[in-house]
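# Make a model of this:
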Amino acid sequence: MSQNSQSAEEILGSQIYAENVEFWNRAWSPVKTAYTQMPDLPYISPMINELAAHSPANVLDLGCGSGWLSILLARNGFEVTGVDVAEQAINLAKDWAQQESHTIDFQVKDMAKLEFSPNTFESCVANSIFEHFPIELTCNIFKQLKTIMAPNAVFIGCFDKVGTGPGEYYKLNDETHVYTDKGRKGMLLRCYSDDELKKIMSDAGFDITQMQTYESGTRYIVAIRKGDS
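Numbers count the residues shown, from 1 in each chain. Coordinates of the predicted model:
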């Protein structure tokens with residue numbers, strides 16, 4: 001199967017992608033309460049400081065899961081919209097936000113189909129989520145972000161070093177892993193190189209202003225959405 005020959009629309013309509021969405025819904029469905037302990041990650045403070053420096057009116061949290069990053073952003077005074085494809089993850093996030101009396105717009109939404117009006121967001125965060133998309137979809141998502149983010153809006157993303165652990169999978173032509181073992185059946189996983197990320201963002205209209213690699217292999221990237229010409 002030649003994944004590189006498919007358009008983003010064809011991938012989104014494929015059985016492979018349907019099984020990916022099914023995986024995430026299946027993974028979240030048995031979780032009854034959100035895990036409310038904040039992770040100890042080295043890029044969280046830089047992310048909050050970077051957002052504060054840009055003073056955005058709002059923040060889009062892509063692939064928010066049960067909402068820990070959205071909650072943290074809300075605690076720091078940001079207006080947040082969180083999207084995730086798994087309905088139960090969003091239910092957990094809403095419960096958590098209610099417990100802390102935060103007003104956060106959590107939505108069940110596939111981040112590969114970002115149906116927001118142009119120039120809606122002044123910033124966007126994405127924590128270890130693009131690794132779950134083939135390269136054509138990642139390219140397409142960044143093109144959508146260019147539309148829904150305002151000129152000079154800031155994007156902050158964390159991209160993990162993945163795909164080296166155990167598991168049963170086959171590879172698509174772009175090196176995306178499609179897992180077949182019982183526990184992760186349908187999950188997609190892809191490791192992006194620095195050069196790939198630079199090209200994807202540049203082609204979509206983003207200027208990278210920071211790229212830092214942590215000891216774990218995680219890349220922390222800050223990029224600015226270019227102004228419209």
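# Sheet-wise, list the partners of the longest strand belonging to the chain with their directions.
The longest strand of the chain (DSSP state E) is strand 149-159. Each strand that pairs with strand 149-159, with its direction, by DSSP bridges: strand 121-127 (parallel), strand 219-225 (antiparallel).
# send the alpha carbons of the first one over as CSV?
Listed next in CSV are the C-alpha coordinates belonging to strand 121-127 (Å, rounded to 0.1, in the frame of the first residue of the first chain):
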residue,chain,number,x,y,z
PHE,A,121,-7.0,31.4,17.6
GLU,A,122,-4.1,33.5,18.6
SER,A,123,-2.1,30.5,19.9
CYS,A,124,-2.0,26.7,19.7
VAL,A,125,-0.3,24.0,21.7
ALA,A,126,0.2,20.4,20.7
ASN,A,127,1.8,18.0,23.2
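# what's in contact with that strand?
Judged by Cβ atoms under 8 Å, 6 or more residues apart in numbering, the contacts made with strand 121-127 from elsewhere in the structure are 47, 51, 54, 56-63, 69, 73, 81, 145, 148-150, 153-158. To be clear about C-beta, it is placed using only N, CA and C from the backbone, and glycine gets the same treatment.
# how far out from the middle of the chain is that strand?
The chain centre lies 9 Å from the centre of strand 121-127; the measure is Cα atoms, centre = their mean, to the nearest Å.
# what do you get for the last one?
Strand 219-225 has its C-alpha centroid displaced from the chain centroid by 13 Å (Cα atoms, centre = their mean).
# Okay, and Gln210 sits in which element?
strand 206-213 (DSSP states H and E).
# Can you list the strands that that strand pairs with?
The partner list of strand 206-213 in its sheet, established with DSSP bridges, is strand 219-225 (antiparallel).
# can you count the residues close to the closest residue in space to Met47 that isn't next to it in sequence?
Sequence neighbours aside, Ile156 is the residue nearest to Met47 in space, at 5.3 Å (criterion: Cβ to Cβ, 6 or more residues apart in numbering). Residues near Ile156, counting by other Cβ atoms under 10 Å, number 22.
# And for Met187?
Burial measure for Met187: 21 neighbouring residues, criterion other Cβ under 10 Å.
# where does the protein have low pLDDT?
Across the chain, the ranges flagged by pLDDT under 70 are 1-5, 164-166, 229.
# Doesn't Tyr170 belong to a helix?
No: Tyr170 is assigned strand when assessed by DSSP: H, G, I helix; E, B strand; the rest coil, not a helix.
# where along this protein do the helices fall?
Ranges of helices within the chain are 8-12, 15-28, 44-54, 68-75, 87-99, 135-148, 194-204, based on DSSP state H.
# Export those helices to TSV and append columns for distance to Leu172 and mean neighbour count.
Written out in TSV, the entries for the helices of the chain read as follows (distance: least, Cβ to Cβ, whole Å; neighbours: other Cβ atoms under 10 Å):
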stretch	distance to Leu172	mean neighbour count
helix 8-12	9	16
helix 15-28	8	17
helix 44-54	31	15
helix 68-75	28	22
helix 87-99	25	19
helix 135-148	9	20
helix 194-204	15	16
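# Out of these, which gets nearest to Ser128?
With respect to Ser128, and counting by Cβ to Cβ, the nearest of the helices of the chain is helix 68-75 at 10.1 Å.
# And the contacts of the closest one?
Looking at helix 68-75 with Cβ under 8 Å, 6+ apart, the contacting residues turn out to be 34-36, 38-39, 44, 48, 51, 59, 61, 64, 80, 82, 93, 96-97, 100, 102-104, 106, 125, 127.
# Kindly report the same for stretch 29-39.
Identification of contacts with stretch 29-39 by Cβ under 8 Å, 6+ apart yields 44, 66-68, 72, 86, 88-89, 92-93, 95-96.
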